[in-house]
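**Q** can you look at this prediction? I've put the sequence above it.
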Amino acid sequence: MTDTPRRRGRPTKEEAAARKAAADAAAKKEGEETAFLDEVLAEPIKRRNTKLQPDEVTLRTLGELGKLFCTQEEAAAVLGVCKKTFSTFLGEYPSAREVWDDGLMHAKVSLRRKQLALADKNAPAAIFLGKNYLGQKDENTTNLNVTKPANEMTEDQLLEIAGQAAAPRQPPAKKSDTVH
């Protein structure tokens, strides 16, 4: 990175070329990563008569499915086994569990990166993704201004304060002159 401040306005030809090259490199990398999984998914799903083995192809498939946030049930279907067999496989082979968990973590990191890029353009979508996939949530706090210490209050006063804190908030009145 350079120490020069970021310019405002239209990017220079060099900046535009650098951005295009970075986007092309990212697209190429993503294409290479998904090509393997595309080949696996193109084949018809066959039921296996044996249990899963942690061979190179199975582990790679497992990692790629994790990167897509696949459920264990979906991954089991792609691998041609039942969900119980898949769960047992993850339990018996720590290397398989590690590959699966790494795939899920890669998916979260990728989603977080996309969420940050999306947040500039579409805040509600970014909030939805964050809440549903990254465990983010709105924080609700209630502040009550109480002037007396609790030991000096009557039981009725304490119950009234507790009721105020537990009562659902009324939504703000709708404004009729909104922009949207």
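**A** Structure's in. What do you need? Numbering: from 1, shown residues only.

**Q** give me the most central residue, this protein.
**A** residue 133 (3.4 Å; CA atoms, centre = their mean).

**Q** roughly how far is the longest helix along the chain from the heart of the chain?
**A** The longest helix of the chain (DSSP state H) is helix 13-42. Centroid displacement of helix 13-42 relative to its chain, using CA atoms, centre = their mean, to the nearest Å, is 21 Å.

**Q** what's the next secondary structure element after it?
**A** Following helix 13-42 in sequence order, the next helix or strand is helix 56-67 (DSSP states H and E).

**Q** how about that next one: buried residues?
**A** For helix 56-67, the neighbour count (16 or more other CB atoms under 10 Å) marks 58, 59, 61, 62, 63, 64, 65, 66, 67 as buried. Yep, even glycine has a C-beta here, placed from its N, CA and C like the rest.

**Q** how about stretch 80-90: buried residues?
**A** 80, 81, 85, 86, 89, 90.

**Q** out of these, what pair is the most spread apart?
**A** Using CB to CB, the buried residues of stretch 80-90 span at most 15.7 Å, a distance reached by 80 and 90.

**Q** let me know whether the residue nearest to the centre of the chain touches residue 111 as I believe.
**A** Yes: using CB atoms under 8 Å, residue 133 is in contact with residue 111, at 5.6 Å.

**Q** element containing residue 158?
**A** Going by DSSP H and E, residue 158 is in helix 155-166.

**Q** picking that back up, list residues touching both of residue 133 and residue 111?
**A** By CB atoms under 8 Å, 6 or more residues apart in numbering, residue 133 and residue 111 have these common neighbours: residue 69.

**Q** just want the angle from the worst-scoring helix or strand of the chain on mean pLDDT to helix 56-67.
**A** Here the helix or strand of the chain ranked lowest by mean pLDDT, DSSP states H and E is helix 13-42, holding a mean of 77. Per axes from the mean of the first three to the mean of the last three CA atoms, to 10 degrees, the angle that helix 13-42 makes with helix 56-67 is 120 degrees.

**Q** what helices or strands is helix 13-42 leaning on?
**A** Using 3 or more CB pairs under 8 Å, 6 or more residues apart in numbering; DSSP states H and E, the elements in contact with helix 13-42 are helix 56-67.

**Q** and after the helix it packs on, which helix or strand comes next?
**A** helix 72-79.

**Q** hey, C-alpha coordinates of that next one in CSV?
**A** The C-alpha trace of helix 72-79 is given here as CSV (Å, rounded to 0.1, in the frame of the first residue of the first chain):
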residue,chain,number,x,y,z
GLN,A,72,-24.5,-32.9,6.7
GLU,A,73,-27.5,-34.4,5.1
GLU,A,74,-26.7,-32.8,1.8
ALA,A,75,-23.1,-33.9,2.0
ALA,A,76,-24.1,-37.4,2.8
ALA,A,77,-26.4,-37.4,-0.3
VAL,A,78,-23.6,-36.2,-2.6
LEU,A,79,-21.3,-38.9,-1.2
